[in-house]
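Peer 1: Here's a sequence, model it:
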Amino acid sequence: MKKAIYLFLAALAIVSCTNERTVNVTVSNSTALDRNNEIVEVSMEEVSAKLQLTDTAEVIVVDENNQQVPYQTTYDGKLIFPASVKANGQATYSIKPGVPEVVSVKACGKMYPERVDDVAWENDRIAFRTYGPALQATGERAFGYDVWVKCVDEPVVEARYESELNPVTKAQIDSLKQIGKEDEAKALYQSVSYHVDHGNGLDCYKVGPTLGGGTSAFYVDNEIIYPYCYNTQEILDNGPLRFTVKLTYNPLTVKNDANVIETRVISLDEGSQLNKTVITYTNTNEVLPLATGIVLHEPDGGKNVANAEKGYIGYADPTDNVNNDNGTIYVGAVFPATVKEAKPVMFSKEEAKERGADGHVLAISDYEPGAEYVYYWGAGWSKYGFDSMEAWTQYLDEYAQKVRNPLTVTIK
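Peer 2: Residues are numbered from 1 along each chain as shown. Next up, the predicted model:
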């Protein structure tokens, strides 16, 4: 009996000690901006060591009110969670052993071989797509990123693909066309198409043979060397708070360098309108100009901004909005490092006809061999939080301040 009591007390002591182990995370904000629900990172290896976790142990993250905060562990060994810190302030979060609450997925994506190898992804604010080798094999020229607008915080992309690509529905549409019922076929298509807003958003952005919504490309002698579709893809993170994909591209010849291969790692966090993108190139041997571009769909450049000093470019795109009530798509890119030059560059009449667009607003930097080129790109919608170009420009301006002054994270 005494032995059983001793064993019980020993087990209780172990549990008590485990519960007392806590890692405190202090998040400091040096800017004059409130930082709300901004994703921060700590080393999961360091957390595990401090908490003396077993391989199967679970943890929770709690705020100063002891309320659980959602978190995710990433492919590169980080524990990430949303932090809110007042301007010029600090906030403390705690990580300790425990059973985490179930959280909703806010950032996710996948590759769709049934739709010519699209990789599409989203968060609670916006959605994106990039094109794959099956599309390139068709000869269709689609070089840049695509934007899908949404106005709900739950995932919608997979359901959109499933509705439009449903083989039964496609067969019904084809049958209606074959017997001359074009109007009925059109109505059925519109009822399932992701190019029509069914109350949660749609795909109405035009990419074509341009840089689309923020693709980067070498810019040699004032000519863009367009990358085509990705060659290989690997999804590294898939929610609930961050989606990450690694893309590699087919070799290009860039000036005097042959067999130049581009690798992109793109990540989208919950709550952000913009993707973080890290680009590296192999087999480059000299410093080369690199441009990040947003396609312009108006002959006069429309409402665009290009601020090299503050580190952002943006555009209010009226794509497909004539008589369609599709709203305005606001597109932008932000740069943590100094931008050499930012400006709109319009196409000639011949090129405008060829590309179905009028030009790009470009941010131009120098790429050094072996370096990482880091920037952020993305979009917003007039039907989901951005009622004017001024509001979008303010978002880009503040985002640039944040990435140039990241939150400081220390753990004890």
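Peer 1: quick one: strands adjacent to the longest strand seen in the chain?
Peer 2: Looking across the chain with DSSP state E, the single longest strand is strand 257-269. Applying DSSP bridges, strand 257-269 is found paired with strand 242-249 (antiparallel), strand 252-254 (antiparallel), strand 274-282 (antiparallel).
Peer 1: The last one: which residues count as buried?
Peer 2: Neighbour-count burial for strand 274-282, with 16 or more other CB atoms under 10 Å as criterion, is recorded at 274, 275, 276, 277, 279, 280, 281. For glycine as for every other residue, the C-beta is placed from the backbone atoms N, C-alpha and C.
Peer 1: which one is residue 62 nearest to, not counting chain neighbours?
Peer 2: For residue 62, ignoring the flanking residues on the chain, the nearest one in space by CB to CB, 6 or more residues apart in numbering is residue 94 at 5.1 Å.
Peer 1: Can you name every helix or strand that the one helix or strand the one you found maps to contacts?
Peer 2: Using DSSP states H and E, residue 94 falls within strand 90-97. Secondary-structure packing of strand 90-97 (3 or more CB pairs under 8 Å, 6 or more residues apart in numbering; DSSP states H and E): helix 2-20, strand 23-28, helix 44-51, strand 59-62, strand 78-85.
Peer 1: so which strand or helix has residue 374?
Peer 2: Per DSSP H and E, residue 374 falls inside strand 373-381.
Peer 1: So which bits of the helix or strand following that strand are buried?
Peer 2: Moving toward the C-terminus from strand 373-381, the next helix or strand (DSSP H and E) is helix 389-404. Within helix 389-404, the residues that count as buried by 16+ other CB under 10 Å are 389, 392, 393, 395, 396, 397, 399, 400, 401, 402, 403.
Peer 1: Output stretch 228-245 as CSV, nothing but the C-alphas.
Peer 2: This file holds the C-alpha atoms of stretch 228-245, laid out as CSV (Å, rounded to 0.1, in the frame of the first residue of the first chain):
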residue,chain,number,x,y,z
TYR,A,228,7.3,30.3,-68.1
CYS,A,229,5.4,27.8,-65.9
TYR,A,230,7.1,25.9,-63.0
ASN,A,231,8.9,22.7,-63.7
THR,A,232,8.5,21.0,-60.3
GLN,A,233,6.6,21.8,-57.1
GLU,A,234,6.7,20.7,-53.5
ILE,A,235,4.2,21.8,-50.9
LEU,A,236,6.2,22.3,-47.6
ASP,A,237,3.5,23.7,-45.3
ASN,A,238,-0.2,23.3,-45.5
GLY,A,239,-1.9,25.2,-42.7
PRO,A,240,-3.6,25.9,-40.5
LEU,A,241,-1.7,29.3,-40.4
ARG,A,242,0.8,29.1,-43.2
PHE,A,243,1.0,27.7,-46.7
THR,A,244,4.4,27.2,-48.3
VAL,A,245,5.3,25.9,-51.7
